[in-house]
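**Q** Fold the following for me, if possible:
(chains A and B)
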Amino acid sequence: MNHLLSIAELDRAGIERIITQAARFAEVSDREIKKVPALRGRMVLNLFYEASTRTRSSFELAAKRLSADVVNFAASGSSVEKGESLKDTVLTLSAHKPDAIVLRTPWAGAAELVSRWCSAAIVNAGDGQHEHPTQALLDVYTLQQRLGGLDGASIWIVGDVTHSRVARSNILAFQAMGAKVTVAGPPTLIPRHIEELGCDVRFTLEELDGADVVYALRMQRERMTETWVPSLREYATWYQINGRRLGPRQVLMHPGPVNRGVELSGDVVDSPQAVITAQVEAGVVVRMAVLYELLAGAKEPDPVARRQKTAPQPA
Amino acid sequence: MTTAHPLVRCPQGAADLLLRDVRVLDPRERIDARHDVRVRGGEIADLGTPEGLEQLEAEELIEGQGRLTLLPAFFDPHVHLRTPGQEHKEDLETGTRAAAAGGYGGVIAMPNTDPALDSAPLLRSVRDAAAREARVPVGFLAAITRGLAGEQLTEMAELAQAGALGFTDDGQPVQSAGMLRKALQYQRLCGGVLALHEEDRTLSRGGSMHEGALSAALGIRGIPTVAESTMVARDAELAGYEGARVHFQHLSCRASVETIATAKQRGWMVSGEVTPHHLLLTEEDVRDLDTRMKMHPPLAGEDDRQSLVDGLRAGTIDCVATDHAPHAREEKEVPFEQAPMGTTGLETAFAALHTGLVLPGTLSLGLLVERMTAGAGLFDLPLPLIARGEPANLTLVDLDAEWVAGEHGWESRSENCCFAGRAMRGRVLLTLAAGSVVYRERAFSVVAA
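**A** All right, here's what the predicted structure looks like:
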């Protein structure tokens, strides 16, 4: 694997390899000293064209736990605001010889484009409304931990599918892992032909009780101004996941940040079914696994094992 | 009402040449046979039996040896030459050089320049520039509304006197039915065809590609085909009601073709054009998000493509137009959603269509030639004919020549061609426009007098 650009280019074995590695790193996270030297001397560049605190800091933490050097480059307040093109920004930053570039942009296909312009490994941290592959991987990891496996699981993705890169990556990843995916939401926010990705489509939550996992998407307030839905109130009436809709054995997921009272009611966010904080925790280890896979390669000795030999942890 | 000559170009010498033993194909003249063709003083002076004409003094001899084919020069009613204001993409000289290299003997330039061609003084100045710079004759459409803003009609009558062949807000479609109706009514005074880019912006806004399975998978906002077809239906009805003449530009979907077929049955004065890329490519070609595949209207589905081919064959769609839309490299070397719409097309149109439609047997060569020249007639210009006494508007092609689009660079200033890198069969060797040699393929050797 040279880059992580999309879930579409991964198969089940590829996904499993990453989450298996992530599970090994999870053990490191519980130690007192949370670092391994796997990527010592390597440089990871975070290049973010959209505001993002969680994803960026998750990648930063992942890189630092692998002992890599991290440089953060945000488009706002930089040369980008002076009119520098994506290509020139990438070429300029490439002069610092980063080993990996973590890229978030508002444009579909931008990560793929950048991978053609430089020699660094590219990690797509969100390209427009296309894909967000590390989110899907951490969601698979979280479910794997919770359910033991996704084979045969029924997963409902609820909300604004049209504008969601998370939805696109997760439909592909959940299906690759053997789950049955249903997307549900207002007809204005479910793109035509989305069923050709292999998922079912529903416009109400009447059959939601058949789901093993309910994955709620963030409902962005700016969608109101373009009248995708008449009001947040009407949206919440029909699509909010709340105590009445969520069954006791169903797992609740959300990519964050949550709009309490819109796509999720406060009580379900705080319920034991919600694995939202587990998703955030999984984010770091899964991103460690991705960076490790890209930069250290699967053939190298296991970094956790090596560390245990050279510097045993206190019991 | 037009007082200025409709087409302009820079002065060039009249050709004197003898094309010996070439296959002459002109569907309108019902010729498809080997002939010697003499061009004298820029006119087709003689059509003789092969090897039957003697080379005259000071006459260039071109040996066809029965392998080369002589066609009437093509005519493109829809190109963007970008002058004034966007000469970094193209100008009158480079754009018409690209036309000549593609076998075109005449083109019509769109007015969505910067500023838009919306006043007579501006139109005159651009025509003056064309009279110095244009290698092949160029006609101009003027804007329907001032600044292409869709709010106030241009002085269409004065523009027609200054040489406008017709009117269009290409690139910024007329959204208001009421505004378009006024333009259609005004046509009774000013004449000229109204050429319409059909796109309902309330349906297409924010879209970068065809709305289909691929746009859903890529998360790129789609443009539904109804953004075009509902406007075609609206404007066909308006044209029928007002008894006006309209020409539908760059058609892209089945519903539009069906609407035009119905309109023609009703006797409404409508015509249509289709581009080589809509005839040959579909949304599948957009999968890699190559920005050269991004254009208005977007490449649609295979069923739509098929309907366009059928429509062109049946005559529902009257002609081929390239919608040659050059953009600078840095403008296209950006993420797909940020890139401007458009592909160049003049230098590849014939070869691409010959390779993609004629060789597989979908269209006959004669029909393709008819459709690649018919655009002139739609704008009341004389059609190129291969007959004694006609001005020499001729294209000599080698139908067996194999090449790769773009392998030797481009005559156009821009290189955003959707066919770049594709294997082509059929190559333009020589183009004569209005009696002058305007293009000669570099590797094509000729025997001098």
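**Q** So for the helix-or-strand element of chain B with minimal mean pLDDT, what gets flagged as buried?
**A** Lowest by mean pLDDT, DSSP states H and E among the helices and strands of chain B is strand B:60-63, with a mean of 92. Using 16 or more other CB atoms under 10 Å in any protein chain shown as the test for burial, strand B:60-63 gives B:Glu60, B:Ile62. In this view, the C-beta of every residue, glycine as well, is placed from N, C-alpha and C.
**Q** now do stretch A:49-58
**A** A:Tyr49, A:Glu50, A:Ser52, A:Thr55, A:Arg56, A:Ser58.
**Q** Farthest-apart pair in those residues, please.
**A** Spanning the widest gap among these are A:Tyr49 and A:Ser58, at 17.1 Å by CB to CB.
**Q** Out of the buried residues of stretch A:49-58, which sit inside helices?
**A** Using DSSP state H, the subset of the buried residues of stretch A:49-58 located in helices is A:Thr55, A:Arg56, A:Ser58.
**Q** Would you map the helices across the chain?
**A** You didn't say which chain, so I picked chain A. Counting by DSSP H, the helices of chain A are A:12-29, A:54-65, A:86-94, A:110-117, A:133-147, A:165-176, A:222-225, A:232-239, A:266-269, A:276-295, A:303-310.
**Q** that's the wrong chain, I wanted chain B
**A** Using DSSP H, the helices assigned to chain B run over residues B:92-101, B:120-133, B:156-161, B:177-190, B:201-204, B:213-218, B:226-242, B:254-265, B:276-280, B:302-314, B:329-332, B:349-353, B:365-373, B:375-378.
**Q** Tell me which of those lies nearest to chain A.
**A** Of all those, it is helix B:213-218 that lies closest to chain A, at 4.1 Å by CB to the nearest CB.
**Q** where's the closest one relative to the chain centroid, distance-wise?
**A** In terms of CA atoms, centre = their mean, to the nearest Å, the centre of helix B:213-218 is found 31 Å from the chain centre.
**Q** next one: stretch B:305-312
**A** 17 Å.
**Q** buried sites along it?
**A** B:Arg305, B:Ser307, B:Leu308, B:Val309, B:Gly311, B:Leu312.
**Q** Stretch B:22-40 too?
**A** For stretch B:22-40, by 16+ other CB under 10 Å, it's B:22-28, B:31, B:34-40.
**Q** From the residues you listed, pick the one nearest chain A.
**A** B:Pro27 (40.9 Å).
**Q** how far away is the closest residue to chain A within the stretch 301-449 of chain B from A:Arg116?
**A** Relative to chain A, the nearest point of the stretch 301-449 of chain B is B:Pro335 (3.3 Å; CB to the nearest CB). B:Pro335 is 12 Å from A:Arg116, where distance means CB to CB, to the nearest Å.
**Q** quick one: low-confidence parts of the chain?
**A** No chain was given, so I picked chain A. A:77, A:222-225, A:298-315 (pLDDT under 70).
**Q** my bad, chain B
**A** Along chain B, the model assigns pLDDT under 70 to residues B:1-4, B:445-449.
**Q** Up against chain A, what does it have?
**A** B:211-213, B:215-222, B:289, B:330, B:333-338 (CB under 8 Å from any CB of the partner chain).
**Q** what's the burial count for the residue lying closest to A:Gly185 once chain neighbours are set aside?
**A** Take A:Gly185 and drop its neighbours on the chain: the residue closest to it by CB to CB, 6 or more residues apart in numbering or on different chains is A:Gly159, 5.1 Å away. By other CB atoms under 10 Å in any protein chain shown, 29 other residues sit near A:Gly159.
**Q** same deal with the one 3 residues further on?
**A** Close neighbours of A:Thr162, defined as other CB under 10 Å, add up to 22.
**Q** Next: A:Trp228.
**A** Neighbour count of A:Trp228, defined by other CB under 10 Å: 18.
**Q** With A:Arg146 instead?
**A** Neighbour number of A:Arg146 under other CB under 10 Å is 13.
**Q** picking that back up, ok, of the residues of chain B next to chain A, which come out buried?
**A** Burial by neighbour count, judged by 16+ other CB under 10 Å, picks out B:211-213, B:215-222, B:289, B:333-338 from the residues of chain B next to chain A.
**Q** Just give the nearest non-adjacent residue to the residue nearest to the spatial centre of chain A, would you?
**A** Nearest to the geometric centre of chain A sits A:Gln135, at 0.9 Å (CA atoms, centre = their mean). Leaving aside its chain neighbours, A:Gln135 sits nearest to A:Val166 (5.2 Å; criterion: CB to CB, 6+ apart).
**Q** Per the annotation, how does the chain divide into domains?
**A** Unless you meant another one, I'm taking chain A. For chain A, automatic domain parsing gives the domain ranges A:12-132+A:283-310, A:133-278.
**Q** you looked at the wrong chain, it should be chain B
**A** Dividing chain B into domains by automatic domain parsing, as the record does, gives the ranges B:17-70+B:389-440, B:73-378.
**Q** just the ones you listed: most buried one?
**A** Across the domains of chain B, the average number of neighbours (mean count of other CB atoms under 10 Å in any protein chain shown) peaks for domain B:73-378, which reaches a mean of 22.
**Q** thinking again about what came up before, quick one, which of the domains of chain B gets closest to A:Thr20.
**A** Checking these against A:Thr20 by CB to CB gives domain B:73-378 as the closest, at 27.7 Å.
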